[in-house]
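1. this one's sequence-less:
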């Protein structure tokens, strides 16, 4: 591994001002050969990446810290103003996304596992705050999920450009036993296993699908999910794509649509972890949406990107899905809303927690090896 300088556009100042570590190993793929470049190291359990105007990069760490990478260097001190998090198991500081008009309003949206008041455990919460002078101020709580359990917080955030913000909430590891249709993820009176749609100020849009349904949570956009940790919106079509963890087998890629039921745990492709016994009544059922793509065995999907950059022109419109247990990056070739092919990239480098496109057109990955060593943000660069 050597150090080298790479000429980049002005928008990616943070990367151009420091010399990233370049792997000399050329990785082969169907359309673009590439190298993996280390951008920044020294994180503890990185979960999400966000890019800011001017070149800074933000990275959340699960133990509860928001970190800044500036001019290619990880700043030593975390950002003040982040709320206390329930940093146990799968909980912690999770996603961070700048508001689409961040350059003017300086607003960051953050999800985290919020401790219950006066008792053990936590639930998924969404906040926003003003990020100035490397501090988070004027923090507002926009949403707290009505959910209980040991893990599966979900927690990805997207904006649709029409004044709405979407977040995912997992099924909180509620066990699928007995009456599968009675599982909390099939019950609209709670926030287990759902996609939430809010106005950007946290209020409920009047055209949400269950606003007028008695007993239903009005924030719900879609339900019957397990634990979605990848969420992306297509910049041209407006389609919302989601990937979610299955049990042992059965990770899914889903096209998220208003008011639809995605079937967990009634239908699916997985089995129980230890026994291998059957969970679902089958793989399909009328009134429940089948996945656009699924993985058996699981790769533990986490992080989702729809690529639109110019550094890999033959990958434009492809979906990229990170894998935790699979330690891989899955590239899906699309024909409209159909998955045509899958290629496996970036194998055995560690658990890929997040996948983002940088302002420079490169593909960035947050690597979390769970053991505390080798955690990093890296990027894919094309060869030649």
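-> Arrived safely, thanks for sending. Computed from a prediction, not measured in an experiment: that's the story for all the values here. Numbers count the residues shown, from 1 in each chain.

2. can you give me the helices for this protein?
-> When secondary structure is read from DSSP state H, the chain shows helices at 13-16, 102-105.

3. list the buried residues in the last one.
-> For helix 102-105, the neighbour count (16 or more other Cβ atoms under 10 Å) marks residue 102 as buried. To be clear about C-beta, it is placed using only N, CA and C from the backbone, and glycine gets the same treatment.

4. going forward can the numbers begin at 23, since that is how I track them
-> From this message on, residue numbering opens at 23, which makes the last subject helix 124-127.

5. need the residues that contact it.
-> Defining contact as Cβ atoms under 8 Å, 6 or more residues apart in numbering, one finds that helix 124-127 is touched by 74, 75, 121, 130, 152.

6. quick one: the residues you listed as a markdown table, columns for distance to residue 218 too.
-> As requested, the contacts of helix 124-127 are arranged in a markdown table below (distance: Cβ to Cβ, whole Å):
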| residue | distance to residue 218 |
| --- | --- |
| 74 | 25 |
| 75 | 27 |
| 121 | 17 |
| 130 | 18 |
| 152 | 23 |
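
7. which parts of the stretch 273-406 of the chain are strands?
-> Listed in chain order, the strands of the stretch 273-406 of the chain (DSSP state E, counting those that start in this stretch) span 273-278, 315-317, 323-328, 341-345, 350-357, 360-367, 373-379, 385-390, 398-404.

8. figure out which of those is closest to residue 83.
-> strand 385-390 (9.3 Å; Cβ to Cβ).

9. one step back: between the helices of the chain, which gets the lowest average pLDDT?
-> For the helices of the chain, mean pLDDT drops lowest on helix 35-38, to a mean of 42.

10. can you pull out the low-pLDDT segments for the stretch 273-406 of the chain?
-> Scanning the stretch 273-406 of the chain for pLDDT under 70 picks out the ranges 392-396.

11. the same query, at a cut-off of 80, please.
-> Applying pLDDT under 80 to the stretch 273-406 of the chain flags the ranges 296, 392-396, 406.

12. rewinding a little: so which of the contacts of helix 124-127 is the most crowded?
-> Neighbour counts for these peak at residue 130, which has 24 neighbours (criterion: other Cβ atoms under 10 Å).

13. nearest residue to that residue other than its sequence neighbours?
-> Excluding the flanking residues, the one nearest residue 130 by Cβ to Cβ, 6 or more residues apart in numbering is residue 153, at 4.8 Å.

14. how much space between the one you found and residue 196?
-> Distance, residue 153 to residue 196, by Cβ to Cβ, to the nearest Å: 35 Å.

15. neighbour-wise, which of these two wins?
-> residue 153 (27 against 22).

16. per-residue pLDDT, that one?
-> Confidence at residue 153, expressed as pLDDT, is 98.

17. okay, and the beta partners of it?
-> When bridges are taken as DSSP bridges, the partners of residue 153 come out as residue 158.

18. residues contacting residue 287?
-> Residue 287 sits in contact with 193, 198, 202, 205, 207, 248, 301, 302, where contact means Cβ under 8 Å, 6+ apart.

19. go again using 10 Å as the cut-off
-> By Cβ atoms under 10 Å, 6 or more residues apart in numbering, the residues touching residue 287 are 193, 196-199, 202-203, 205-208, 215, 246, 248, 268-269, 301-303.

20. now swap in residue 284 and tell me
-> Shown in contact with residue 284 (Cβ under 10 Å, 6+ apart): 207, 215-217, 244-248, 250, 264, 266, 274, 276-278, 290, 310-313.

21. the spatially closest residue to it that is not a sequence neighbour and residue 216: what is the separation?
-> Setting aside the residues directly before and after it, residue 284 is nearest to residue 246 in space (Cβ to Cβ, 6+ apart), at 4.1 Å. Distance of residue 246 to residue 216, computed by Cβ to Cβ: 8 Å.

22. identify the contacts common to those two.
-> Listed as contacting both residue 246 and residue 216 by Cβ under 10 Å, 6+ apart are 193, 207, 284.

23. wait, what's in contact with the second one?
-> The neighbourhood of residue 207, defined by Cβ under 10 Å, 6+ apart, consists of 169, 174, 191-194, 196, 198, 213-216, 245-249, 283-288.

24. pretty sure the residue nearest to residue 130 contacts residue 76?
-> No - the criterion here is Cβ atoms under 10 Å, and residue 153 misses it with residue 76 at 11.6 Å.

25. OK, contacts around residue 329?
-> Listed by Cβ under 10 Å, 6+ apart, the contact set of residue 329 reads 254, 335, 337-342, 353, 377, 379, 383, 385.

26. one more time with 6 Å, if that's ok
-> Residue 329 sits next to 337, 340 when contact means Cβ atoms under 6 Å, 6 or more residues apart in numbering.

27. ok, it to residue 383 distance?
-> Counting by Cβ to Cβ, the gap from residue 329 to residue 383 is 9 Å.

28. go on, residue 158?
-> According to Cβ to Cβ, residue 158 stands 28 Å off from residue 383.

29. one more: residue 359?
-> 25 Å.

30. more neighbours: the two, which one.
-> Just comparing residue 359 and residue 383: by other Cβ under 10 Å the higher neighbour count belongs to residue 383, 19 against 11.

31. my guess is the more buried one contacts residue 330. True?
-> No - the criterion here is Cβ atoms under 6 Å, and residue 383 misses it with residue 330 at 8.6 Å.

32. sorry, back to before: for the strands of the stretch 273-406 of the chain, give me JSON lines that also has distance to residue 57 and mean neighbour count.
-> Shown next, in JSON lines, are these (distance: least, Cβ to Cβ, whole Å; neighbours: other Cβ atoms under 10 Å):
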{"stretch": "strand 273-278", "distance to residue 57": "27", "mean neighbour count": "24"}
{"stretch": "strand 315-317", "distance to residue 57": "26", "mean neighbour count": "22"}
{"stretch": "strand 323-328", "distance to residue 57": "18", "mean neighbour count": "25"}
{"stretch": "strand 341-345", "distance to residue 57": "16", "mean neighbour count": "26"}
{"stretch": "strand 350-357", "distance to residue 57": "14", "mean neighbour count": "20"}
{"stretch": "strand 360-367", "distance to residue 57": "12", "mean neighbour count": "14"}
{"stretch": "strand 373-379", "distance to residue 57": "16", "mean neighbour count": "24"}
{"stretch": "strand 385-390", "distance to residue 57": "12", "mean neighbour count": "25"}
{"stretch": "strand 398-404", "distance to residue 57": "5", "mean neighbour count": "22"}
